[in-house]
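S.K.: what follows is a protein structure lacking sequence information:
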């Protein structure tokens, strides 16, 4: 009987935990709005006959994981950069470089005795802007910071998801840790994780009667994405992504995330196309002596032709050295599935007790065993549109 009771409790807790994940996606530890990607062991992309398809055989993920519904927003970056850069003299965090464009606004730092200290905030109008010019290493250190509960001690930035001591040059490419550390709570997604979250649909109805499959584009269709500004920035309502166009006065960089709310991946990701090209852990070989980290998805200011290919499942998109961040480079954080909450377990017990009382009547006794215990925008435009990149500034 005890085994039956505990099985029923576990089932109720699991059901409630699943419902909670579907309804309440904001992670209380990081504040990030996540979606959960399931369909464990999904079939890989098998191609559509396009020559040079780089994604054939890729996209299978054999575990559940979470990924940000949005790219990291400016208000989230402001908290990170303030923690990483507003520090005493001699306590510089390496490999942290500010973006070229974002919605962050500089404010007076607390460590005024350090002339290099910097601090940031956002406004209600700017907090939803994406940040362009994030290097892969800065993204990795952001993951470390989240992994360590947003602590401000130096060690919280240097390890957890990625070992910063490995960051450097190698005879061929770079020496950076290739993939996240075991036990990482937050991380840069692998290309397989990114592909699945952007293109795989477990509910897709196929012509042969099977269910589950891949969409060519990240708008949950095989139809080409239309690039154009949203109506709030002069668009005619047909635009689906912030890419393939330029607005006067560089206003395209001020278009907030979620300006195309009806354009979503099968899992609910917004702006998988447009805004910035998003880093992955993928390592690309370039010739015999160079390496780069891969990024996927189209980016603002990119031409319509480049965006068209970047947003297809067949193409990895842009890439760069891990210490470089062009105006096009951004980031969407991924994370592990958290352990079932105490609330879910407690709710499962309550359901068990209620069911027992209803079955046995008001005189039944119930025994439940105890649970186990814009300042740089013009510079950015001139650099990016002339082909140059940002370097690590710290």
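M.R.: Okay, I see it. Computed from a prediction, not measured in an experiment: that's the story for all the values here. Numbering: from 1, shown residues only.
S.K.: which helix or strand contains residue 78?
M.R.: helix 74-85 (DSSP states H and E).
S.K.: er, residue 160 I mean
M.R.: Applying DSSP H and E, one finds residue 160 in no helix or strand.
S.K.: hang on, it packs against residue 148?
M.R.: Yes. Checked against CB atoms under 8 Å, the pair residue 160 and residue 148 is within contact range at 5.1 Å. In this view, the C-beta of every residue, glycine as well, is placed from N, C-alpha and C.
S.K.: looking at the two, which is more packed in?
M.R.: residue 160 (26 against 19; other CB atoms under 10 Å).
S.K.: any idea how far the more buried one lies from residue 86?
M.R.: The gap separating residue 160 from residue 86 is 20 Å, by CB to CB, to the nearest Å.
S.K.: and what of residue 209?
M.R.: In this view, residue 209 and residue 86 are 59 Å apart by CB to CB.
S.K.: go on, residue 60?
M.R.: When CB to CB is the yardstick, residue 60 and residue 86 sit 42 Å from each other.
S.K.: next: residue 149.
M.R.: Relative to residue 86, residue 149 is positioned 18 Å away (CB to CB).
S.K.: the two: which has the busier surroundings?
M.R.: Remark: of residue 149 and residue 86, residue 86 carries more neighbours, 20 against 11, as counted by other CB under 10 Å.
S.K.: pLDDT wise, what is the more buried one at?
M.R.: Among the per-residue scores, residue 86 holds a pLDDT of 98.
S.K.: residues in contact with it?
M.R.: Applying CB atoms under 8 Å, 6 or more residues apart in numbering to residue 86 gives the contacts 109-111, 117-119.
S.K.: how far away is it from residue 92?
M.R.: If you go by CB to CB, the gap between residue 86 and residue 92 works out to 11 Å.
S.K.: just for the stretch 101-250 of the chain, where's the confidence low?
M.R.: By pLDDT under 70, the stretch 101-250 of the chain has no low-scoring segment.
S.K.: show me the helices in it, by range?
M.R.: Using DSSP state H, counting those that start in this stretch, the helices of the stretch 101-250 of the chain run over 136-147, 155-158, 191-199.
S.K.: looking at those helices, which is closest to residue 51?
M.R.: Closest approach to residue 51 among these is made by helix 191-199 (19.0 Å; CB to CB).
S.K.: show me what that closest one is packed against.
M.R.: Contact partners of helix 191-199 among helices and strands, from 3 or more CB pairs under 8 Å, 6 or more residues apart in numbering; DSSP states H and E: strand 34-37, strand 65-68, strand 277-286, strand 290-296.
S.K.: contacting residues around the helix holding residue 78?
M.R.: Applying CB under 8 Å, 6+ apart, the external contacts of helix 74-85 come out as 31-32, 93, 96, 98-99, 102-104, 109, 116-122, 126-131, 134, 141-142, 145, 150, 152, 157, 394.
S.K.: now it, how far from the centre of its chain.
M.R.: 16 Å (CA atoms, centre = their mean, to the nearest Å).
S.K.: for stretch 57-68, same thing?
M.R.: Centroid separation for stretch 57-68 versus its chain: 13 Å, with CA atoms, centre = their mean.
S.K.: pull out the buried positions in it.
M.R.: Neighbour counts over stretch 57-68 (16 or more other CB atoms under 10 Å) mark 58-61, 65-68 as buried.
S.K.: for the helices of the stretch 101-250 of the chain, could you give me JSON lines that also reports distance to residue 182 and mean neighbour count?
M.R.: Listed next are the helices of the stretch 101-250 of the chain as JSON lines, based on distance: least, CB to CB, whole Å; neighbours: other CB atoms under 10 Å:
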{"stretch": "helix 136-147", "distance to residue 182": "12", "mean neighbour count": "26"}
{"stretch": "helix 155-158", "distance to residue 182": "17", "mean neighbour count": "18"}
{"stretch": "helix 191-199", "distance to residue 182": "16", "mean neighbour count": "26"}
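S.K.: which one of the ones you listed lies closest to residue 167?
M.R.: Residue 167 lies closest to helix 136-147 among those, at 5.7 Å (CB to CB).
S.K.: quick check: domain ranges of the protein?
M.R.: Domain segmentation of the chain under automatic domain parsing yields 15-337, 340-373.
S.K.: which residues does residue 91 contact?
M.R.: residue 154 are the contacts of residue 91 under CB under 8 Å, 6+ apart.
S.K.: tell me how far it lies from residue 82.
M.R.: According to CB to CB, residue 91 stands 14 Å off from residue 82.
S.K.: equivalent analysis for residue 36, please.
M.R.: Between residue 36 and residue 82 the distance, using CB to CB, works out to 30 Å.
S.K.: which members of the contacts of helix 74-85 occur in strands, if any?
M.R.: If you go by DSSP state E, the contacts of helix 74-85 have 119-121 in strands.
S.K.: how near is the most centrally placed residue in the chain to residue 52?
M.R.: With distances taken as CA atoms, centre = their mean, residue 332 lies nearest the centre of the chain, 2.0 Å away. According to CB to CB, residue 332 and residue 52 sit 25 Å apart.
S.K.: dump the helices of the stretch 101-250 of the chain into a markdown table; add distance to residue 173 as well.
M.R.: A markdown table is the format used below for those (distance: least, CB to CB, whole Å):
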| stretch | distance to residue 173 |
| --- | --- |
| helix 136-147 | 12 |
| helix 155-158 | 22 |
| helix 191-199 | 17 |
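S.K.: among those, which is nearest residue 325?
M.R.: For residue 325, the closest of the helices of the stretch 101-250 of the chain is helix 136-147, at 6.8 Å, according to CB to CB.
S.K.: can you name every helix or strand that the closest one contacts?
M.R.: Other helices and strands packing on helix 136-147, by 3+ CB pairs under 8 Å, 6+ apart, are helix 74-85, helix 155-158, strand 186-187.
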